[in-house]
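1. need coordinates for the below:
(chains A and B)
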There are 2 protein chains.
Amino acid sequence: MSYCTATYRLYDDKADFRKKAESIAVGMTVGSWTELPQAKRESMQKHLGQVLNVEVHEPEGTKPGERYADVTIAYPDVNFSKDIPALLVTVFGKISMDGRIKLNRLGFSDEYLSAFSGPKFGIGGIRDLLGVHDRPLLMSIFKSVIGLDMNELRDQFVKQALGGVDLIKDDEILFENELTPIEKRVEVCLKAAEEASRATGKKLLYAANLTGHTSNLKSQALKAINAGANALLFNVLSYGYDVLHELSSDPEITVPIAAHPAMAGAFYPSPHYGISASVLLGQLMRLAGADLVLFPSPYGSVTMPRDENMAIRDELLTDALPVKASMPVPSAGIHPGLVPLILRDFGQDVVVNAGGGIHGHPMGTEAGGRAFVQAIEAAQRSVRLADYAEDGHPELKAALEAWGGER
Amino acid sequence: MSYCTATYRLYDDKADFRKKAESIAVGMTVGSWTELPQAKRESMQKHLGQVLNVEVHEPEGTKPGERYADVTIAYPDVNFSKDIPALLVTVFGKISMDGRIKLNRLGFSDEYLSAFSGPKFGIGGIRDLLGVHDRPLLMSIFKSVIGLDMNELRDQFVKQALGGVDLIKDDEILFENELTPIEKRVEVCLKAAEEASRATGKKLLYAANLTGHTSNLKSQALKAINAGANALLFNVLSYGYDVLHELSSDPEITVPIAAHPAMAGAFYPSPHYGISASVLLGQLMRLAGADLVLFPSPYGSVTMPRDENMAIRDELLTDALPVKASMPVPSAGIHPGLVPLILRDFGQDVVVNAGGGIHGHPMGTEAGGRAFVQAIEAAQRSVRLADYAEDGHPELKAALEAWGGER
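-> Predicted coordinates for the structure are as follows:
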C-alpha cells in the first residue's frame, strides 16, 4: 500500500488531538469507520487514512491560544488521482475550513511521484544554457514597465543586459498589452540580448511573462518560443499548480519556467491558517516543474523569517525527490551588500535577483548590474566587499555607500 | 478612465497608512512617480493607481497589534487583461507578502465586467430546470463513497433521491477512478433519478465531480454531459478561478456548475492575512460563473461567523452585478432543525444542503431527506417544526429528537 502524507499544525486549547487526528484520517478518506460492518471494513481498509504521528506541544505555562499539535496523516494513493488538485483537495479541502489548522508539510509517495517529471531544466539545465557552472547567477527585474512602448522597454532591457546579468525577468504585472505584446517584446529583447552578449561575453535568459486565459497559455508560450524566447515567467498561484505542471511537462515548451510567488502571501504568513511557505513555494513548485522559484528573501524589503526561507531552499534542492532541483531565487530588497549573506545561506546554487538594487544604483542601471557582478566576484574570492570596492570597482563602492555593506 | 478597486485591511502599530496606501497605488501600477519627469508623468497618468479611501481605526485604548486601516485603491483597467488571474496578481500579487494585509473587497468596473458572462443558469435557470420556483431547494451529499462500486453508489443515490431532494452532489473527494468513472456514474445515477422521479414527482439534478488535469476538464465535462449529466461539481480553488470562468462561459458546457469551497480555509479565516470569504466565495465565484456556491454555514460543524456568511450571500445575490445571481449553498452540519434559521437568513433563494443530516437520520437516508422536505414545508407555512412533526411527520420528529429543533 502506498500513501502520501500531510503534516498539519492544529491549535486548540482543549482538544483531544489524537481523536481529532483520527477524525481527519477517517473523515477525509472513507468517511466513517466504527459504524461499518466487519466485512465492509476489510474491503475498505485500503482506502482508510492512517494517523502516523501526533505531537502535542503544551509546555508548562502554555497560555490560551498557544496549545498546538503537529499531526501527520497518511492518505492512500488509491483514493485520489495523481495530480496536484486532487492531492490538495484530499489533504486540505474541507479541513482547511475546520478550525485553526495549517498545512505544514507534504510527503509524496513514489507512486504519486511517478506522474511528475519535475523541472525540465532545473539548476543544471539552466547552468548549461548559460554556460555558467562555477558561480551564483544574477537576475535583473524590469521595473515600472506598464505604459512603456517597445523602444522604452528595449532601452531598459539593454541597460540591464550591459550590466552583465545572466537573466532578465519581466515585471509580473506586465500582462498581454498592445504596446509590448509577448512575441514582439521577446523578438526585440532577444535581439538586444545578442548585441549585449557581444559586449559582455555573457549569455542571457529573458523570462517573458506568460498571461491570459488558462486555455491560451500554451499557445502564448509557443508564440513566445517561436519568436525566440529562451525562458518564461509564470504567476503560478493565480492559475493553480496543475497549469504549471502541464506546461512544464509539455514537450513543446522547450524553455525554463520561472515561478513567481504573486499571491503567496494570501497563504503562508499566518501561524494558524493556510499553507506553509515551504510547501507552497518549495515542495509544490518543484513538483509542478518550476525551473526557478522566486520567493521573498529574509534580507530585504518584503521579508520572511530566515528558517522559513531555508526550508524553501531545502525543498527545492533535496535529493530525496527523484526530479531535478529547482533554482532558488530569494527576492525583494536585494542590494550588492547582501551578496555575501545570500551566498552564506544558499551557497553557489542561487540566483541573486534585484530590481531596485539595480535600477536604483546611483550611477544608473548598467552600473547597478556591474556592482552585483563585482559583489559576486568578491564573495567568490572571499574578499571583503569593502576591500574589493576600493580595488578599482567604483560601481560596487557606490552601491555599498548607497545601501550599506556586509551585515 | 476606468478602474477596478481593491479594499484592504492593513494592520500596523505605527505606519503612516496614507503613505502606505500611496506606495501601493504607485508601486503596483507605474512603479515610481515622484522621480518621473513632467512629460513622462503626463503619458503615465492613465496608468497610475489612485488612493480612493483611507480609514484608520485606532480608538482610544487600542492595544499593540490592533491598529489598522481600511484602504481602497483604484487600479486602471488599462494596466491588466480582463481575466481573474491578471486582476488578482495586480491587486494582491506582491503586496500579499508585504506585512499584515488582507484583501477584503473588490470593485469591478463595467469595462472589466464586459469580459464575463457570469453564471449560465444562475438561480432562475436552476429553478427552471427543476420546475421549482416557490421554495428553497434541498441538496443531499454523497457520503463515504471512496471504494464503493457502481451498485453501492447507485444504492446510495436511490436512497437520497427517494427522500425527495432536488439536487444530489458527489463527494468532492471522489476523483476519477476505475470503480465509478464519471460517465458511468452519471449514466447509472441519472437512470436511477428517472425512476425515483416517478415515485417522488420531483425532478433531480446530480452534480458530478469534475476532476483531473486542467486541460482535460472540458473533455471530462463533455463526457459526463454526453452520458446525461445535468450538473457538475468543481473544486474551483484547487484549479484557479480562470478555469471555472472558461468552463462556465463555454457554450458546450450546457449544465449548471456547483462550486465547492475546498481549500478556501487556506485563505479567509485569518484577520491579518489572506482574502475574505466574501471575495473568495462571493464575488469571485459569481464572476467566474458558478451557478451554485457552497460555503461553510454559520450554523453547523464547520462554522464561519454569521456576518461573513451574510456578506457572501449579498455578493452572490446583489443586483449591482450585470450577471445572473448564484445560488447560495450554506453547508456543513446542517440538520432539519436548522431550516427555519437558514430561511430567516437566506430567504427562499437558498439550497438547504446536508450530508450527515440526511444519511445519519435515525430512520435512514430516505427518511433523512423526507425530514428536510417536511422542515421546509413547515417553515414555508410558518408552522413551528415541533408542531409540524407532531402532525403526522414522523421523519421530522425523529430528526428533531436526534439533533434538536428550532434555535
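
2. what's the helix or strand of chain A with the lowest mean pLDDT in contact with?
-> Of all helical and strand segments in chain A, the minimum by mean pLDDT, DSSP states H and E falls on helix A:38-44, at a mean of 86. With contacts defined as C-beta atoms under 8 Å, 6 or more residues apart in numbering or on different chains, helix A:38-44 is touched by A:30, A:33, A:36, B:147. C-beta: built from backbone N, CA, C; applies to glycine.

3. tell me the first helix or strand C-terminal of it.
-> The first helix or strand that comes after helix A:38-44 along the chain, using DSSP states H and E, is strand A:50-57.

4. mind checking the pLDDT average for that following strand?
-> For strand A:50-57, the mean pLDDT works out to 98.

5. so how far is the least confident helix or strand of chain A from its chain's centroid?
-> Distance, stretch centre to chain centre, for helix A:38-44: 43 Å (C-alpha atoms, centre = their mean, to the nearest Å).

6. stretch A:65-77 now?
-> Using C-alpha atoms, centre = their mean, the offset of stretch A:65-77 from its chain centre is 25 Å.

7. so can I have a markdown table of the contacts of helix A:38-44 showing pLDDT, neighbour count and distance to residue A:328?
-> Shown next, in a markdown table, are those (pLDDT from 0 to 100; neighbours: other C-beta atoms under 10 Å in any protein chain shown; distance: C-beta to C-beta, whole Å):
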| residue | pLDDT | neighbour count | distance to residue A:328 |
| --- | --- | --- | --- |
| A:30 | 92 | 25 | 39 |
| A:33 | 81 | 19 | 42 |
| A:36 | 80 | 16 | 47 |
| B:147 | 91 | 22 | 41 |
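
8. now for those residues, which pair is the farthest apart?
-> A:33 and B:147 (11.8 Å; C-beta to C-beta).

9. what about stretch A:394-407 and chain B, any contact?
-> No. Judged by C-beta under 8 Å from any C-beta of the partner chain, stretch A:394-407 and chain B are separated, with a smallest distance of 14.8 Å.

10. can you check stretch A:204-214 too?
-> Yes. Using C-beta under 8 Å from any C-beta, stretch A:204-214 reaches chain B at A:211-214.

11. end-to-end on that stretch?
-> 28 Å (C-alpha to C-alpha, to the nearest Å).

12. what's the mean pLDDT across it?
-> Computed over stretch A:204-214, the average pLDDT equals 98.

13. next one: stretch A:85-95
-> For stretch A:85-95, the mean confidence score works out to 97.

14. before we move on, the earlier item: closest to chain B among the residues of stretch A:204-214 next to chain B?
-> If you rank those by distance to chain B using C-beta to the nearest C-beta, residue A:214 comes first, at 4.8 Å.

15. do you know the pLDDT at the residue lying closest to the closest one once chain neighbours are set aside?
-> In this structure, residue A:214 finds its nearest non-sequential neighbour in residue B:242, 4.8 Å apart by C-beta to C-beta, 6 or more residues apart in numbering or on different chains. On pLDDT, residue B:242 comes in at 98.

16. what is the helix or strand encompassing residue B:242 packed up against?
-> Per DSSP H and E: residue B:242 is located in helix B:241-248. Applying 3 or more C-beta pairs under 8 Å, 6 or more residues apart in numbering or on different chains; DSSP states H and E, we find helix B:241-248 packed against helix B:84-92, helix B:217-226, strand B:231-234, strand B:257-259, helix B:284-288.

17. winner for burial among those?
-> strand B:257-259 (a mean of 29; mean count of other C-beta atoms under 10 Å in any protein chain shown).

18. so in that sheet, which strands flank it, and in what orientation?
-> strand B:231-234 (parallel), strand B:292-296 (parallel) (DSSP bridges).

19. need the contact partners of the longest one.
-> It stands for strand B:292-296. Taking C-beta under 8 Å, 6+ apart as the rule, strand B:292-296 contacts A:97, B:126, B:167, B:207, B:256-261, B:264, B:277, B:281-282, B:285-286, B:302-304, B:309, B:312, B:316, B:326-332, B:351, B:353.

20. can you turn the buried part of the residues you listed into a PyMOL selection?
-> Restricted to buried positions by 16 or more other C-beta atoms under 10 Å in any protein chain shown, the PyMOL selection for those reads:
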select buried, (chain A and resi 97) or (chain B and resi 126+167+207+256+257+258+259+260+261+264+277+281+282+285+286+302+303+304+309+312+316+326+327+328+329+330+331+332+351+353)
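
21. so which of the contacts of strand B:292-296 sit within strands?
-> Of the contacts of strand B:292-296, the ones assigned to strands by DSSP state E are B:167, B:207, B:257-259, B:327-331, B:351, B:353.

22. shaky segments in the stretch 201-350 of chain A?
-> Scanning the stretch 201-350 of chain A for pLDDT under 70 picks out the ranges A:301-302.

23. residues from it in reach of chain B?
-> By C-beta under 8 Å from any C-beta, the residues of the stretch 201-350 of chain A that approach chain B are A:211-215, A:235, A:238-240, A:242-243, A:245-246, A:260-267, A:269-270, A:272-275, A:296, A:301-302, A:304, A:332.

24. so which of those are in helices?
-> A:242-243, A:245-246 (DSSP state H).

25. now for those residues: which two are most distant?
-> Across these (C-beta to C-beta), the longest gap, 7.2 Å, separates A:243 and A:245.

26. any idea which residue is closest to the centre of chain A?
-> For chain A, the residue nearest the mean C-alpha position is residue A:293 (2.9 Å; C-alpha atoms, centre = their mean).

27. what's opposite it in the beta bridge?
-> Beta-bridge partners, per DSSP bridges, of residue A:293: residue A:259, residue A:328.

28. can you give me the buried ones in the lengthiest helix in chain A?
-> Identified as the longest helix of chain A according to DSSP H is helix A:182-200. Within helix A:182-200, the residues that count as buried by 16+ other C-beta under 10 Å are A:182-183, A:185-190, A:192-193, A:196, A:200.

29. and of those residues, the nearest to residue B:2?
-> residue A:182 (23.6 Å).

30. is the closest one in contact with residue A:207, as I believe?
-> No. Using C-beta atoms under 8 Å, residue A:182 is not in contact with residue A:207; the gap is 11.3 Å.

31. for chain B, see how far away residue A:315 is.
-> 18 Å (C-beta to the nearest C-beta, to the nearest Å).

32. now do the same contact list for the nearest residue to that residue once chain neighbours are set aside.
-> Spatially, and ignoring its direct neighbours in sequence, residue A:315 is nearest to residue A:282 (2.9 Å; C-beta to C-beta, 6+ apart). When contacts are counted by C-beta under 8 Å, 6+ apart, residue A:282 touches A:293, A:311-316.

33. rerun at 6 Å
-> A:312, A:315-316 (C-beta atoms under 6 Å, 6 or more residues apart in numbering or on different chains).

34. next step: those restricted to helices.
-> Under the assignment DSSP H, the contacts of residue A:282 contribute A:312, A:315-316 to helices.

35. quick revisit: what two of the ones in strands among the contacts of strand B:292-296 are the furthest from one another?
-> Between all members of these, the farthest pair (by C-beta to C-beta) comes out as B:257 and B:330, at 18.0 Å.

36. run through the residues that contact residue A:304.
-> Going by C-beta under 6 Å, 6+ apart, the list of residues near residue A:304 reads A:296, A:298.

37. from residue A:331, how far out is it?
-> As judged by C-beta to C-beta, to the nearest Å, residue A:304 and residue A:331 stand 10 Å apart.

38. repeat that for residue A:163.
-> From residue A:163 to residue A:331 the distance is 17 Å (C-beta to C-beta).

39. what does residue A:221 give?
-> In terms of C-beta to C-beta, residue A:221 sits 23 Å off from residue A:331.

40. check residue A:162 too.
-> For residue A:162, the distance to residue A:331 - C-beta to C-beta - is 22 Å.
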